[in-house]
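Asks: using only what follows, build the 3D model:
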Amino acid sequence: MKILKQDPAGISFMEILLDETICQGTIAVPWELAVQSGGYNQRLKAKRKYELILRIAAKGPVDFIEQELDTKQEKYLIVYEQEAEESADDRWKADCYVIGKYSSQLQESGFFDQAVSDMLQLAENEGHLQQTLDYLEQMIRHGNSYDFIDSGSRPVLIYKGDPVCHNVLTVMAEQFGNALGQLGIPVIYFDCEKEDVKEVTKYTYQHFRAIVGVQSYMFSIRQKDEIHELHDVIYGPKYNFVFDHPLWFQHHLKHHLKQFYILTNDSDYQRFYQKYYKKEAVFFPPAGIVPKDGNCRERIYDMTFVGEYGDYWNELLIIHQMERSRRFLANHFLLVMRKNPQLTAEEALMQTLSSRRITLTEQEFLNLFYELRRVIFCVMNYYRDRVLRVILKSGLSLHVFGNSWSRSPLTMRYSNLICHPDVSVEQSVAVWQQSKLSLNVMSWHKSGFTERMAGIMLAGAVLVTDHTQYLPGRYDSSDLLCFHLEKLQELPTQIMRLLGNEQKRKIIAENGRMKTLSEHTWKKRAEQFLTLLEQQAERYELQHIGG
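Replies: The predicted structure is shown next:
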């Protein structure tokens, strides 16, 4: 096997550029070197191996050493001579791209005219001279078609560093980035917590395969003129994971960036973005962390809950401070949500307005919804409290993790509520590994899926969660314990039965773990993201071809 090695005395970039036969045969490229150089460019339909080796050689001379692979010591990307799907058209287009990409190096060395002349002579002989001239011109002037191909070997820029919720968002960004790296995609992080936001201007006029944020405000930053968006001049498709209701993020949706997409964990939110904010949204739920040490820990907790208490009464006080007419409307809205926990927040508000015979335009509805947004927090906290009270009244022990619990009214009333300090994201995984069952109460995501749900199941605990429309057809009672907020009185009995049947509990936990391992890991999300990225990039390139 030929193994590519970097060698100062080896073959130069220009030698390989002028003679691609140097790269003949199957070659093993050290994985890290391949990723650092941009990885395998799937957008190039031919000569991918040659083009990858050119990018590596552009950083310094290389050599090809015949020896046995030691895959235990190092990971390799195996690149082959020619792929079956390569056509004659694909090959001459790949040559045009290479000439366009390295036109300045060819000109400096005096070989540019000869390379172009040889290509055009071949095109004339094969009967596609005009087509080649047009395509080569796009490649040399780096038009849209060139950018589409070239971005396929560029890094993904990820914004991280949001300290919200014990760095959950930062951990998600890193988990997603690591998963992309494992697939051979180079990743650059910009740490918003440690770096001055102004430093992001170092990326202006650069092209990226994608720019990704996790509930990030970065896409709403403007240029110095306070008129134009900064990301107008940071090139590449922009994706922002947003896991809360769109209302909470609406101030960061006022930009008009091209190729901007929301990745949301709830299909109801997807429709809301498209209807009210006119933004392209993709249903793309988060994933969970696969424990590094397996699931061999002792299950010392019957049932756990990792999260904040959330004070319902504090939220009520905020609502009561509203202007009188708004306060009455908010109270009615809250009452509808409490009585109809199966409704989305927007459905509940529409029902409230209908009963009051209030008719609003779409924009008026959105403005009012934003004014009353605290009602959503209020009902979330109300039902979280109710779920816990039902469990605790039955005598079941519940271990909760988070500093807010020591100040909750539940602590003084129920001795079977065992409070533990805050835990980090990594420590949360360890808690779930030591839990037989672990609780999840949705933040009013009525058709959603969360990282907590995935994480609990991946850690081998039985997920106990309120119903969401995401579950039917994906998970059932053989994979998790699902309850309905309008039937909470049934929950303690369901939990007791499961805790009393060790064999059934283990089977459900393993079913949930295996199903989640198949569909809800960050590796799976990275694969799905790359598919999505290519589909949207191809669509965008077709719409702007010849630009």
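Asks: the strands in the stretch 351-500 of the chain, which residues?
Replies: Counting by DSSP state E, counting those that start in this stretch, the stretch 351-500 of the chain has strands at residues 398-401, 417-420, 435-440, 462-466, 481-483.
Asks: quick one: closest of these to residue 124.
Replies: The closest of those to residue 124 is strand 462-466. By Cβ to Cβ, the value is 65.6 Å. For the C-beta atoms, the positions are set from N, CA and C on the backbone; glycine is no exception.
Asks: who's in contact with the closest one?
Replies: Outside strand 462-466, the residues within contact range by Cβ atoms under 8 Å, 6 or more residues apart in numbering are 303, 383, 387, 436-442, 453, 456-457, 480-485, 491, 495, 498, 505, 508-509, 512.
Asks: and the strands of the stretch 351-500 of the chain as a markdown table, adding distance to residue 219, mean neighbour count and mean pLDDT?
Replies: Converted to a markdown table, these look like this (distance: least, Cβ to Cβ, whole Å; neighbours: other Cβ atoms under 10 Å; pLDDT from 0 to 100):
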| stretch | distance to residue 219 | mean neighbour count | mean pLDDT |
| --- | --- | --- | --- |
| strand 398-401 | 33 | 22 | 97 |
| strand 417-420 | 37 | 18 | 96 |
| strand 435-440 | 29 | 24 | 98 |
| strand 462-466 | 31 | 25 | 98 |
| strand 481-483 | 35 | 19 | 98 |
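Asks: how about JSON lines for those strands, with distance to residue 428 added?
Replies: Formatted as JSON lines, the strands of the stretch 351-500 of the chain follow (distance: least, Cβ to Cβ, whole Å):
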{"stretch": "strand 398-401", "distance to residue 428": "7"}
{"stretch": "strand 417-420", "distance to residue 428": "11"}
{"stretch": "strand 435-440", "distance to residue 428": "9"}
{"stretch": "strand 462-466", "distance to residue 428": "14"}
{"stretch": "strand 481-483", "distance to residue 428": "19"}
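Asks: quick check: the gap between the closest residue in space to residue 207 that isn't next to it in sequence and residue 539.
Replies: Closest residue to residue 207 apart from its sequence neighbours, by Cβ to Cβ, 6 or more residues apart in numbering: residue 235 at 4.5 Å. Relative to residue 539, residue 235 is positioned 17 Å away (Cβ to Cβ, to the nearest Å).
Asks: list the contacts for residue 390?
Replies: By Cβ under 8 Å, 6+ apart, the contact set of residue 390 is 488-489, 491-492.
Asks: which of the residues you listed are buried, as a ChimeraX select command?
Replies: The buried residues among those can be selected in ChimeraX (16 or more other Cβ atoms under 10 Å) with this line:
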select :488,491,492
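Asks: hang on, the earlier thing: who has more neighbours out of residue 235 and residue 539?
Replies: residue 235 (19 against 10; other Cβ atoms under 10 Å).
Asks: got phi/psi on that one?
Replies: Here is the backbone geometry of residue 235 (degrees, to the nearest 10): phi -90, psi 140.
Asks: could you do residue 337 as well?
Replies: Backbone torsions of residue 337, given as degrees, to the nearest 10, read phi -70, psi -40.
Asks: give me the neighbour count for residue 250.
Replies: 16.
Asks: ok, back up a step: show the pLDDT at the residue nearest to residue 207.
Replies: On pLDDT, residue 235 comes in at 95.
Asks: can you check the one 10 residues further on too?
Replies: Residue-level confidence at residue 245 comes out at 95, pLDDT.
Asks: now swap in residue 164 and tell me
Replies: For residue 164, the model assigns a pLDDT of 64.
Asks: show me the shaky parts of the stretch 51-200 of the chain.
Replies: 82-85, 163-166 (pLDDT under 70).
Asks: show me what the longest helix anywhere in the chain is packed against.
Replies: If you go by DSSP state H, the chain has its longest helix at helix 522-543. Applying 3 or more Cβ pairs under 8 Å, 6 or more residues apart in numbering; DSSP states H and E, we find helix 522-543 packed against helix 144-150, helix 164-182.
Asks: quick one: list the elements packing against the shortest one.
Replies: This means helix 144-150. Contacts defined by 3+ Cβ pairs under 8 Å, 6+ apart place helix 144-150 against helix 88-101, helix 129-140, helix 522-543.
Asks: buried residues in the longest one?
Replies: Buried residues in helix 522-543, counted by 16+ other Cβ under 10 Å: 522-523, 525-526, 529-530, 532-533, 536-537, 541.
Asks: give the contact list for the residue lying farthest from the centre of the chain.
Replies: The centre of the chain is farthest from one residue, residue 125, which by Cα atoms, centre = their mean lies 48.1 Å away. With contacts defined as Cβ under 8 Å, 6+ apart, residue 125 has no neighbours.
Asks: element containing it, please.
Replies: Using DSSP states H and E, residue 125 falls within helix 112-126.
Asks: got the CA positions of that helix in PDB?
Replies: Provided in PDB are the C-alpha atoms of helix 112-126 (Å, rounded to 0.1, in the frame of the first residue of the first chain):
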ATOM      1  CA  PHE A 112      -0.800  28.700 -17.300                       C
ATOM      2  CA  ASP A 113      -1.000  29.300 -21.000                       C
ATOM      3  CA  GLN A 114       0.200  25.800 -21.800                       C
ATOM      4  CA  ALA A 115      -2.300  24.200 -19.400                       C
ATOM      5  CA  VAL A 116      -5.200  26.100 -20.900                       C
ATOM      6  CA  SER A 117      -4.100  25.500 -24.500                       C
ATOM      7  CA  ASP A 118      -3.800  21.700 -23.800                       C
ATOM      8  CA  MET A 119      -7.200  21.600 -22.300                       C
ATOM      9  CA  LEU A 120      -8.900  23.500 -25.100                       C
ATOM     10  CA  GLN A 121      -7.100  21.400 -27.700                       C
ATOM     11  CA  LEU A 122      -8.500  18.300 -26.100                       C
ATOM     12  CA  ALA A 123     -11.900  19.800 -25.800                       C
ATOM     13  CA  GLU A 124     -11.900  20.700 -29.500                       C
ATOM     14  CA  ASN A 125     -10.900  17.100 -30.400                       C
ATOM     15  CA  GLU A 126     -13.700  15.700 -28.200                       C
END
